[in-house]
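Colleague: sequence first, predicted model second:
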Amino acid sequence: MRVLGIETSCDDTGIAIYDSDLGLLSNQLYSQAKLHSHYGGVVPELASRDHMSKIVPLIQAALQESGLNGKDINAVAYTAGPGLVGSLLVGACIACSLAFSWNVPSIAIHHMEGHLLSPMLEEDRPLFPFVALLVSGGHTQLIAVTDFGKYTLMGQSLDDAAGEAFDKTAKLLGLGYPGGPILSDMAQHGVKNRFIFPRPMTKKPGLNFSFSGLKTCVARTLCKHDNSRQTYSDIACAFEDAVVDTLLIKCCRALDQTGFKRLVIAGGVGANRALRRKINKIIKQRGEKIFYARPEFCTDNGAMIAYAGMIRFNSTVIDSNLGITVHPKWLLSDLPSI
Ligand code: KG4
Ligand code: ZN
């Protein structure tokens with residue numbers, strides 16, 4: 001069985017074809033980062049227009065790379081939410097139209113379920129049950145996962161998501177967009193512990209996060225010190241350490257609470273090298289196992305949507321009214337089980 005996956009929730013146009021026997025046949029990605037970098041963040045209207053111009057050539061490229069044409073595709077999976085409504089609608093309209101003309105089901109996928117399942121694209125896949133830390137630009141969530149489609153939210157950010165905190169702090173430091181990877185590169189040149197920022201909400205019990213206060217710490221520190229490159233790197237390093245330690249403390253707490261022995265980290269911030277280094281070490285010491293997707297599958301991509309579509313294929317009810325629905329706000333816990 002072959003599923004075409006379409007991801008257009010934000011500023012990446014991702015198209016992939018997943019074959020249930022052969023695995024991933026093609027993965028095409030167009031990033032709009034350069035377009036939005038002039039504005040310091042995603043401009044929704046520009047994002048939708050850019051998806052419109054890139055999506056069809058990318059689908060053609062994916063079919064060509066796989067040596068397939070429309071009649072070889074058994075389902076079209078697309079990100080139906082959460083995300084920017086205009087961007088989601090571009091992917092949904094194309095997906096539902098193709099599915100109608102090819103006479104195959106269209107499958108609405110939750111973007112965060114795509115992220116959560118992305119480590120399944122790798123050879124070393126996690127078995128159930130596991131704790132998943134989803135860390136992206138829009139979400140920071142800890143989820144107890146007992147099977148495909150069986151997700152229990154254990155904790156989440158009460159304000160900024162981890163990726164959002166990276167991006168906003170990068171902006172304060174005058175770095176480009178998206179700021180997470182740029183700030184992280186800068187942090188590598190920082191002097192450890194010259195500045196120490198709090199690990200928010202780690203002293204109290206519970207699994208929620210709050211990252212917005214770290215921006216204030218960064219802004220205050222910037223006011224009090226010189227604006228040399230070294231100081232900026234030292235601040236970036238202190239910020240990254242604070243986020244990484246906070247995520248790590250809460251992951252260990254979630255593992256203790258569930259008794260699960262496996263941790264999955266997914267979403268854009270999951271590509272962060274400092275996070276991987278520190279968490280790998282601690283999880284190993286605890287005798288537990290950690291799973292990630294490769295860095296290009298941590299950030300938004302079509303492969304994770306195609307894979308999630310394959311998992312949801314059998315439980316998909318074909319919608320006969322030909323409606324095209326997207327859900328800009330959509331809770332993972334509202335997903336039907338599989
Ligand atoms: O999952 P993703 O591509 O999109 C959303 O679903 O939001 O995540 C994007 C987020 C951005 O905030 C970006 O700055 C952050 O992930 N990010 C990183 C790194 N790579 C991407 N943050 C820290 N370190 C990185 N290496
Ligand atoms: Zn994402």
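Modeller: Great, that's in hand. Ligands and ions are numbered 1, 2, ... in the order given.
Colleague: next up, phi/psi of the residue of the stretch 201-338 of the chain found nearest ligand 2, please.
Modeller: Each residue of the stretch 201-338 of the chain has a distance to ligand 2, by Cβ to the ion, and the smallest belongs to Asp300, at 4.4 Å. Bear in mind the C-beta positions are built from the backbone N, C-alpha and C, glycine included. Recorded main-chain torsions at Asp300 are phi -60, psi 140, according to degrees, to the nearest 10.
Colleague: now do Phe209
Modeller: When quoted as degrees, to the nearest 10, the phi and psi of Phe209 stand at phi -130, psi 160.
Colleague: what parts of the stretch 1-150 of the chain come near ligand 2?
Modeller: If contact is defined as Cβ under 5 Å from the ion, the residues of the stretch 1-150 of the chain in contact with ligand 2 are Ser136.
Colleague: wait, what's in contact with the closest residue to ligand 2 within the stretch 1-150 of the chain?
Modeller: Going by Cβ to the ion, ligand 2 is nearest to Ser136 of the stretch 1-150 of the chain, at 4.3 Å. With contact set as Cβ atoms under 8 Å, 6 or more residues apart in numbering, Ser136 has these partners: Met112, His115, Ala161, Ala162, Gly163, Gly267, Gly268, Val269.
Colleague: what's the neighbour count on Phe148?
Modeller: Phe148 is surrounded by 17 other residues when neighbours are defined as other Cβ atoms under 10 Å.
Colleague: correct me, but it touches Asn314?
Modeller: No - under the criterion of Cβ atoms under 8 Å, Phe148 lies out of contact with Asn314, with a separation of 10.5 Å.
Colleague: among the contacts of Ser136, which one has the most neighbours?
Modeller: The residue in the contacts of Ser136 with the most neighbours, by other Cβ under 10 Å, is His115 (31 neighbours).
Colleague: state the distance from the residue lying closest to that residue once chain neighbours are set aside to Glu122.
Modeller: Distances taken as Cβ to Cβ, 6 or more residues apart in numbering put Ala266 closest to His115, at 4.4 Å, once the chain neighbours are dropped. Computed as Cβ to Cβ, to the nearest Å, the Ala266 to Glu122 distance reads 11 Å.
Colleague: overlap in contacts of these two?
Modeller: Both Ala266 and Glu122 are contacted by Tyr292, Ala293, under the criterion Cβ under 8 Å, 6+ apart.
Colleague: who has more neighbours out of these two?
Modeller: Ala266 (26 against 13).
Colleague: and that one, bridged to which residues?
Modeller: Leu134 (DSSP bridges).
Colleague: that one is in contact with Leu134, isn't it?
Modeller: Yes - taking Cβ under 8 Å as the definition, Ala266 is a contact partner of Leu134 at 5.6 Å.
Colleague: now do the shared contacts for the two.
Modeller: Counting by Cβ under 8 Å, 6+ apart, the common neighbours of Ala266 and Leu134 are His115, Leu116.
Colleague: give the contact list for the residue nearest to His115.
Modeller: Applying Cβ under 8 Å, 6+ apart as the definition, the contact partners of Ala266 turn out to be His115, Leu116, Ser118, Pro119, Ala132, Leu133, Leu134, Val135, Tyr292, Ala293, Cys298.
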